[in-house]
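# just coords:
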């Protein structure tokens, strides 16, 4: 009543109307804003809305081949890549059996690699008991079904092989398999395939090659792997020697960036030697040693302490040939 007497009836009604309208708008908007925020939060946190480190929404890699084959007769080793999902897996199996009705799906596993449409995938076949027509093959990822086929044969009773998958020059996994030439196999012991997914990668290099290695570091992190590189991983004040040996012990892949300068680096040699010792101590379960050639061909000659390792890489000759061809085509007539 006092308010009405001081400011008048009209002004009081206007004030009540303004305050009431403001409160109505406030209580109408806030719940909607809150619910919308909660919905967005749930959407962002939902595992189905992002590609996690476990490979969700990633690429499914499968290896298809017969379990029993005939001696010295060609058979197909099919690597089929496709988006994750049961419908794609069923299509991959049907596709493999169009080429070979006896093909068996040994295993499937998701790759963490962030491969985009049009990216080139390389596959390398390695075996002491199985021969193939061509050891290096490539394919363009189409975000659908992508297949790489090796024609293989063996004269061994039990043969085994390995296919390494590469993306932008970096290894992203391995597929291992076994076949038998026994026409009446008694069991499935020879039928196995596992995809080794590297988790912790140690980069070994010399200072003069640091810029190239930093670019590879960026790519490897994009592939979802944990990378150790001294310049980016060692904290200020930390004992760098202790850090090197600790991280090398925990790594499952040692990438050795090989050049003339690296061949003369005592620390690169020490890191490779330590990895060899770890593999010997663990019966081959230590970090896998994979040279990455920065120069050549031919590669720089390794020191005698690590000369037992094979440093040449057929992929380097393919790259060299493509570069030479591109340079030739770029020249004016």
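Perfect, I can see it now. It should be emphasised that the depicted structure is a prediction, and the values quoted were computed from it without experimental measurement.
# CA only for contacts and neighbour counts going forward, please
OK.
# where's residue 270 relative to residue 303, distance?
According to C-alpha to C-alpha, to the nearest Å, residue 270 stands 11 Å off from residue 303.
# kindly apply the preceding question to residue 199 instead.
29 Å.
# repeat for residue 200
As for residue 200, its distance to residue 303 is 26 Å (criterion: C-alpha to C-alpha).
# show me what contacts residue 104?
By C-alpha atoms under 8 Å, 6 or more residues apart in numbering, the contact set of residue 104 is 64, 65, 66, 67.
# just the pLDDT for the closest residue to residue 73 other than its chain neighbours.
Spatial nearest neighbour of residue 73, chain neighbours left out: residue 153 (5.5 Å); criterion: C-alpha to C-alpha, 6 or more residues apart in numbering. Here the pLDDT value assigned to residue 153 is 93.
# phi and psi next, for residue 153.
Main-chain torsions, residue 153, degrees, to the nearest 10: phi -150, psi 160.
# what number of residues lie near it?
Per other C-alpha atoms under 10 Å, the neighbour tally for residue 153 reads 22.
# for the residue nearest the centre of the chain, helix, strand, or coil?
By C-alpha atoms, centre = their mean, the chain has its centre lying nearest to residue 172, at 3.3 Å. Counting by DSSP: H, G, I helix; E, B strand; the rest coil, the backbone at residue 172 sits in strand.
# now the one 10 residues further on
State at residue 182, reduced to three classes by three-state DSSP: coil.
# grab the nearest non-local neighbour of residue 65.
The shortest distance from residue 65 to any non-neighbouring residue, by C-alpha to C-alpha, 6+ apart, is to residue 103 (4.6 Å).
# sorry, back to before: more crowded one of residue 200 and residue 303?
Neighbour count, other C-alpha under 10 Å: between residue 200 and residue 303, residue 200 has more, with 19 against 13.
# so which residues of the stretch 101-250 of the chain form helices?
Here the stretch 101-250 of the chain has its helices, by DSSP state H, counting those that start in this stretch, at 210-222, 230-233, 240-250.
# count of neighbours near residue 218?
Residues near residue 218, counting by other C-alpha under 10 Å: 11.
# use 449 as the first number from now on
Sure thing, new numbering starts at 449, so read that last one as residue 666.
# please convert the buried members of the contacts of residue 552 into ChimeraX selection syntax.
Under the burial definition 16 or more other C-alpha atoms under 10 Å, those of the contacts of residue 552 that qualify are selected in ChimeraX by:
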select :512,513,514,515
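# closest to residue 710 among the contacts of residue 552?
Within the contacts of residue 552, proximity to residue 710 (C-alpha to C-alpha) peaks at residue 512, which comes in at 39.4 Å.
# which elements pack onto the helix or strand harbouring that closest one?
Using DSSP states H and E, residue 512 sits in strand 507-513. Strand 507-513 makes packing contacts with strand 523-531, strand 552-559 when contacts are defined by 3 or more C-alpha pairs under 8 Å, 6 or more residues apart in numbering; DSSP states H and E.
# try 10 Å this time
For strand 507-513, the contact count by 3 or more C-alpha pairs under 10 Å, 6 or more residues apart in numbering; DSSP states H and E identifies strand 523-531, helix 534-547, strand 552-559, strand 594-601, strand 618-628, strand 642-644 as packing neighbours.
# before we move on, the earlier item: any chance of the contacts of residue 552 in a markdown table, with distance to residue 708 too?
Formatted as a markdown table, the contacts of residue 552 follow (distance: C-alpha to C-alpha, whole Å):
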| residue | distance to residue 708 |
| --- | --- |
| 512 | 41 |
| 513 | 41 |
| 514 | 44 |
| 515 | 45 |
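# just send the contacts of residue 552 back as a markdown table, with distance to residue 569 and pLDDT too.
A markdown table is the format used below for the contacts of residue 552 (distance: C-alpha to C-alpha, whole Å; pLDDT from 0 to 100):
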| residue | distance to residue 569 | pLDDT |
| --- | --- | --- |
| 512 | 18 | 91 |
| 513 | 20 | 90 |
| 514 | 24 | 88 |
| 515 | 26 | 86 |
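# and which of the contacts of residue 552 is nearest to residue 558?
For those, the nearest to residue 558 is residue 512 (15.3 Å; C-alpha to C-alpha).
# okay, now the unreliable bits of this structure?
Along the chain, the model assigns pLDDT under 70 to residues 449-505, 560-561, 631-645, 768, 781.
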